[in-house]
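A.B. asks: coords below, sequence missing:
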């Protein structure tokens, strides 16, 4: 922890001393004892105040500060930030101000709080950090302002204590997806075949849900629990998903969370979480003003890396999905399920993308209707969008319930 210092004289100090000089001039000119007494009193008051302030500055070196805050949150959550001051001095600090800078979502705010320490030991304060937007929130440094009683001087100790809070986008739950492609067995689009359960790995048992095949019933567990129990299979052990999108600044229609760019981020984050938690190798290829490629991987740390990317990325790209595809298509391997997230302005580009020559790629196009993100929303033109593709595609408007929509896929 590095410590820096900053000294300030307030305008009130200047005003106070102008008054003293004025009183001195009156005393010299008029010789009235009252002015002389007032002059001496104010001088003594200022000297005493200054010396107490100097002592307070010296003793403040014995104050140690630390901050405790969670490293991640979900958009819309409110976090408690706890700051602990350990006063190892017996001096009484009666006019301290603790403040810190909070950089979030391309804006800066400052939290400040007046505190009084009347005892030796630990002193705790806390405040609420409103994580209203996704982003990378930077907290720090912590600044301890030491002020004299009369408010003439201020001395700041700057503690280089920094914390980073990643505010993840608000995601939606996905109940289930159809079987993904493994090897030459695709999910959607090209060469769709029936997938049997013969190659699935046994995962466990659960309660029967409507639509479960009778052959999956686990009769021993059913008899033991007196209700239908089915065998559950892990279908995703060797599958791969690729998610591709461009966060084009000019195509970002809407305001705040109700914008096409934020919807794309939310959908991509939700898909990533769903597949990685089910042991699907997940890849993300994106352009947000810079090119990003997260190679196929699984596990907790891969998901954390993706979520930090979704939290902190901007919507600054100036290229379209077709241009990006020309540069990034070489990264796409065969036998993958490729999600492409875009807006209806890029319908013509999707046809070019679908003609990609590599085999065994299952294309899934998620198309946002930009007109529905306007204020006020305009009627969507889904009926006018003719896509002569064999791939799976579906449209999303600003008022759609994403959980319900994706659960019906």
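C.D. replies: Structure's in. What do you need? Since the model is a prediction, treat every value here as computed from it, not as a measurement. Numbering: from 1, shown residues only.

A.B. asks: with adjacent residues omitted, what lies nearest to residue 164?
C.D. replies: residue 138 (5.8 Å; Cβ to Cβ, 6 or more residues apart in numbering). In this view, the C-beta of every residue, glycine as well, is placed from N, C-alpha and C.

A.B. asks: hang on, that neighbour packs against residue 103?
C.D. replies: Yes: Residue 138 is within contact range of residue 103, at 4.2 Å (criterion: Cβ atoms under 8 Å).

A.B. asks: list the buried residues in the longest helix anywhere in the chain.
C.D. replies: If you go by DSSP state H, the chain has its longest helix at helix 33-59. Within helix 33-59, the residues scored as buried using 16 or more other Cβ atoms under 10 Å are 35, 36, 38, 39, 42, 46, 49, 53, 56, 57, 59.

A.B. asks: go on, stretch 66-76?
C.D. replies: In stretch 66-76, counting by 16+ other Cβ under 10 Å, buried: 67, 69, 72, 73, 75.

A.B. asks: next one: the first one, what pLDDT does it get?
C.D. replies: We have a pLDDT of 95 for residue 67.

A.B. asks: what's the answer for the last one, then?
C.D. replies: On the pLDDT scale, residue 75 is placed at 94.

A.B. asks: was I right about it contacting residue 137?
C.D. replies: No: in this structure residue 75 lies outside contact range of residue 137 using Cβ under 8 Å: 11.4 Å.

A.B. asks: overlap in contacts of these two?
C.D. replies: When Cβ atoms under 8 Å, 6 or more residues apart in numbering defines a contact, the residues bordering residue 75 and residue 137 alike are 131, 167.

A.B. asks: what's around residue 320, how many residues?
C.D. replies: 18 (other Cβ atoms under 10 Å).

A.B. asks: give the phi and psi angles for it, as a check.
C.D. replies: Backbone geometry at residue 320, expressed as degrees, to the nearest 10, gives phi -100, psi 170.

A.B. asks: that one and residue 79, how far apart?
C.D. replies: To residue 79, residue 320 is 37 Å away according to Cβ to Cβ, to the nearest Å.

A.B. asks: tell me where the model's unsure across the stretch 1-150 of the chain.
C.D. replies: For the stretch 1-150 of the chain, the stretches with pLDDT under 70 are 1-17, 20, 22-24, 26-36, 106.

A.B. asks: now with 90, please.
C.D. replies: Counting by pLDDT under 90, the stretch 1-150 of the chain has low-confidence residues at 1-57, 60, 89-96, 104-121, 123, 147-150.

A.B. asks: in it, which spans are strands?
C.D. replies: Counting by DSSP state E, counting those that start in this stretch, one finds strands in the stretch 1-150 of the chain at the ranges 3-9, 63-68, 72-74, 78-87, 93-104, 107-117, 121-130, 135-147.

A.B. asks: next one: the stretch 301-409 of the chain
C.D. replies: According to DSSP E, counting those that start in this stretch, the strands that the stretch 301-409 of the chain contains are 336-343, 361-368, 392-396.

A.B. asks: between the ones you listed, which one is nearest to residue 122?
C.D. replies: Checking the strands of the stretch 301-409 of the chain against residue 122 by Cβ to Cβ gives strand 336-343 as the closest, at 49.5 Å.

A.B. asks: can you state the direction angle for the closest one and strand 361-368?
C.D. replies: 20 degrees (axes from the mean of the first three to the mean of the last three Cα atoms, to 10 degrees).

A.B. asks: what's the average pLDDT for strand 336-343?
C.D. replies: For strand 336-343, the per-residue pLDDT averages 92.

A.B. asks: which outside residues touch it?
C.D. replies: So strand 336-343 is contacted by 180-181, 186-188, 239-246, 251, 253, 260, 264, 267-268, 271, 283, 321, 332, 349-350, 353, 360-370 (Cβ under 8 Å, 6+ apart).

A.B. asks: and this structure, what are its domains?
C.D. replies: 1-168, 201-234, 240-407 (automatic domain parsing).

A.B. asks: most tightly surrounded among these?
C.D. replies: Across these, averaging neighbours per residue (mean count of other Cβ atoms under 10 Å) puts domain 240-407 on top, at a mean of 18.

A.B. asks: I'd like the next helix or strand past the helix or strand that contains residue 205.
C.D. replies: According to DSSP states H and E, residue 205 maps onto strand 201-207. Using DSSP H and E, the next helix or strand after strand 201-207 towards the C-terminus is helix 219-225.

A.B. asks: so how far is that following helix from its chain's centroid?
C.D. replies: Relative to its parent chain, helix 219-225 has a centroid offset of 45 Å by Cα atoms, centre = their mean, to the nearest Å.

A.B. asks: could you do stretch 342-351 as well?
C.D. replies: 29 Å.

A.B. asks: what bridges to residue 393?
C.D. replies: Following DSSP bridges, residue 393 is listed with bridge partners residue 365.

A.B. asks: my guess is it contacts residue 354. True?
C.D. replies: No: between residue 393 and residue 354 there is no contact, the gap being 9.5 Å when judged by Cβ under 8 Å.

A.B. asks: pick out the residue closest to the middle of this structure.
C.D. replies: residue 167 (2.1 Å; Cα atoms, centre = their mean).

A.B. asks: no further questions, thank you.
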